[in-house]
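Asker: Take this sequence and fold it.
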Amino acid sequence: LSISGVRLMSLQGHNSVKRMMNCAHNGYHPRVLTTLSTQASKSKAHPMQQRACVAGLAVACRGWRGAGVERAAGSVEAAVKKAAAAKDPSVREEARHLYWAFRRRFEERGRRLMDSFDTSTRRAMERCEAEVEERWREFEEGAEEGRDVVIA
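Answerer: Coordinates of the predicted model:
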């Protein structure tokens, strides 16, 4: 299998997780968020696995209604912290998406979380806010039309 084939499969898996999470507006069982948060926070997890888990959490924070997300807010917050400090740049990028989705949902907690980041992480988060909003708009439009949209 070539590197491009592996990347393609990884991208399709990543988009599949995001679409599955986007389908359930009322949410799945709350344990799904806890499991995704745990996997995103594991230091031994593969970066692509972390990235997909963080992306799934971002979609849940962004689109799920109900108390499931509120109950898992602590574990999602911990996942944001871990992912923002990850070695892999693609995981950190997804962490920025998750942070803005988290902050959109939990305004005060999001502000406190931003204050807990170091200066360089805080600047990176602030720099990408408009870009994150634009990419989410594209993702939501693509999901409605049934086409694949790359958010990477």
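Asker: next structured bit after the least confident helix or strand in the chain by mean pLDDT?
Answerer: The weakest-scoring helix or strand in the chain, judged by mean pLDDT, DSSP states H and E, is helix 3-23 (a mean of 71). Downstream of helix 3-23, the next assigned helix or strand under DSSP states H and E is helix 30-41.
Asker: list the buried ones in that following helix?
Answerer: Residues of helix 30-41 classed as buried: 30, 32, 33, 34, 36, 37, 39, 40, 41 (neighbour count, 16 or more other C-beta atoms under 10 Å). The C-beta positions use only the backbone N, C-alpha and C, and glycine is treated the same way.
Asker: So which of those sits lowest on pLDDT?
Answerer: Comparing pLDDT over these, the lowest score belongs to residue 30 (70).
Asker: shaky segments in the chain?
Answerer: By pLDDT under 70, the low-scoring segments of the chain are 1-3, 14, 18-29, 143-152.
Asker: Show me where the chain has its helices.
Answerer: 3-23, 30-41, 47-63, 67-71, 73-84, 89-105, 107-116, 119-127, 129-145 (DSSP state H).
Asker: tell me the most buried of those?
Answerer: helix 47-63 (a mean of 24; mean count of other C-beta atoms under 10 Å).
Asker: What angle do helix 107-116 and that one make with each other?
Answerer: Helix 47-63 and helix 107-116 are oriented at 140 degrees to each other (axes from the mean of the first three to the mean of the last three C-alpha atoms, to 10 degrees).
Asker: hang on, the earlier thing: out of the buried residues of helix 30-41, which is nearest to residue 127?
Answerer: The shortest gap between residue 127 and any of the buried residues of helix 30-41 belongs to residue 40, at 22.1 Å (C-beta to C-beta).
Asker: give me phi/psi at residue 86?
Answerer: phi -70, psi 160 (degrees, to the nearest 10).
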